[in-house]
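1. fold the stuff below for me.
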Amino acid sequence: MVRMTNELGRISIAPEVFTNLAGAAASSCFGVRGMALRSVSDGLVHLLKREAMRKGVLVTFEPDDSIAIELHIVVNNGVNIPAICEAIINEVKYKVSADTEVEVRSVDVFVDSIMPE
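-> Numbering: from 1, shown residues only. Down below sits the predicted model:
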């Protein structure tokens, strides 16, 4: 949890806020089919429904009150993966920082699967 203090009081931001913002920002990028979750039991990658997309996001809280974000995604077949990942990194950093005023130290994107459109 991130805690900030200003002249009006204290603000606490729950981890779910960051996972929801990051998942929504990543999913809105062109070529992204959705968030992914790799099953521990069978090792298969599952495309997450919109309401469960935060399971494809891992947020790590750093000692300096910044955060690191790890995203697991599924992309459409035939897209430029490096270009999509760069767009996702920029969009997630911007959206999370703008909405929470918390520094995003890094965004790591893992393409877990490619699906036909």
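2. low-confidence stretches in the protein?
-> Within the chain, the stretches with pLDDT under 70 are 39-44, 47-53.
3. contacts only, for the most centrally placed residue in it.
-> Centroid-nearest residue in the chain, with C-alpha atoms, centre = their mean: Ala22, separated by 3.5 Å. The neighbourhood of Ala22, defined by C-beta atoms under 8 Å, 6 or more residues apart in numbering, consists of Val57, Val59, Ile69, Leu71, Val92, Lys95, Val96, Val107. Glycine gets a C-beta too; all of them are placed from N, C-alpha and C.
4. burial count for the third one?
-> Here the neighbour count serves as a burial measure; for Ile69 (other C-beta atoms under 10 Å) it reads 25.
5. can you tell me how far it sits from Thr5?
-> Using C-beta to C-beta, to the nearest Å, we find Ile69 at a distance of 24 Å from Thr5.
6. what do you get for the second one?
-> Val59 is 21 Å from Thr5, where distance means C-beta to C-beta.
7. when those two are compared, which one has more neighbours?
-> When Val59 and Thr5 are compared for neighbours, Val59 comes out ahead with 19 against 8, by other C-beta under 10 Å.
8. how far away is that one from Gly9?
-> Distance of Val59 to Gly9, computed by C-beta to C-beta: 24 Å.
9. now, which of the contacts of Ala22 sits nearest Met1?
-> Lowest distance from Met1 to these (C-beta to C-beta) belongs to Val59, with 10.4 Å.
10. quickly find the element holding the closest one.
-> Following DSSP states H and E, one finds Val59 within strand 57-61.
11. quick check: what element follows that strand along the chain?
-> Past strand 57-61, the next helix or strand by DSSP H and E is strand 67-76.
12. helices and strands around that next one, which ones?
-> When contacts are defined as 3 or more C-beta pairs under 8 Å, 6 or more residues apart in numbering; DSSP states H and E, strand 67-76 packs onto helix 15-27, strand 32-38, strand 57-61, helix 81-100, strand 104-115.
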